[in-house]
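*Asks:* next comes the sequence, and after it the predicted model I'd like to discuss.
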Amino acid sequence: MSPVRTTAESGPAVDNDVPTPYAAYLRTEVLHTLQERVSEAPAEMAFLVNVLAVLHRRGLPVPAAHLRRDLTEPYTPHPDVEQAWLRVYANRDPGNELYRLGELLADIAEEFTTWKYRHLMSVRRTVGDRPGFYGTSGTAWLAPTLDELPYPELWSARSTLG
């Protein structure tokens, strides 16, 4: 069981029985929360760089450019980072801190991906393909994000593990 509590465990993402007088208030609160999340994105990317820095400090093949990259740009997977995770997973002993870190990251990625799916379905259920904030269709914008996995090399390395 993951240490991360998910939206799925907390109940429905959107309460469709909210009385009308509160709907505008909730929309304002949701928009504010989303704007805060977007502003936190560089900090979350810094977390990924810190994970890569730990692997690098332990002597694993993480390219130095990945440690100094522009956090406003999308992350690009690198085969050396995949090799680093393969070396970590060569020793699956529970005492291996890096193995436990990899498993924790896999749990977080899995829970985040589950949340993204539930969010997409909530948007489909409540607004369908109507334009949302900033004039975009929420479902058209959200659906492709389901294919984006956090820590991509952690997942691609699993294709090679025996």
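*Replies:* Here it is on my side, so go on. Note that the structure is predicted; figures quoted are calculated from it, not measured. Residues are numbered from 1 along each chain as shown.

*Asks:* helix, strand or coil for residue 49?
*Replies:* With DSSP: H, G, I helix; E, B strand; the rest coil as the basis, residue 49 sits in helix.

*Asks:* so where is the protein shaky, pLDDT-wise?
*Replies:* For the chain, the stretches with pLDDT under 70 are 1-46, 133, 162.

*Asks:* next, count neighbours for residue 116.
*Replies:* Residue 116 has 16 neighbours, counted by other Cβ atoms under 10 Å. Just so you know, the C-beta spots here come from the backbone N, C-alpha and C atoms, and that holds for glycine as well.

*Asks:* repeat that for the one 10 residues further on.
*Replies:* The burial metric for residue 126, expressed as a neighbour count using other Cβ under 10 Å, is 13.

*Asks:* residue contacts, residue 106?
*Replies:* 151, 154, 155 (Cβ atoms under 8 Å, 6 or more residues apart in numbering).

*Asks:* would you mark the buried spots in the strand or helix carrying residue 139?
*Replies:* In this assignment (DSSP states H and E), residue 139 forms part of helix 138-142. Residues of helix 138-142 classed as buried by neighbour count (16 or more other Cβ atoms under 10 Å): 138, 139, 142.
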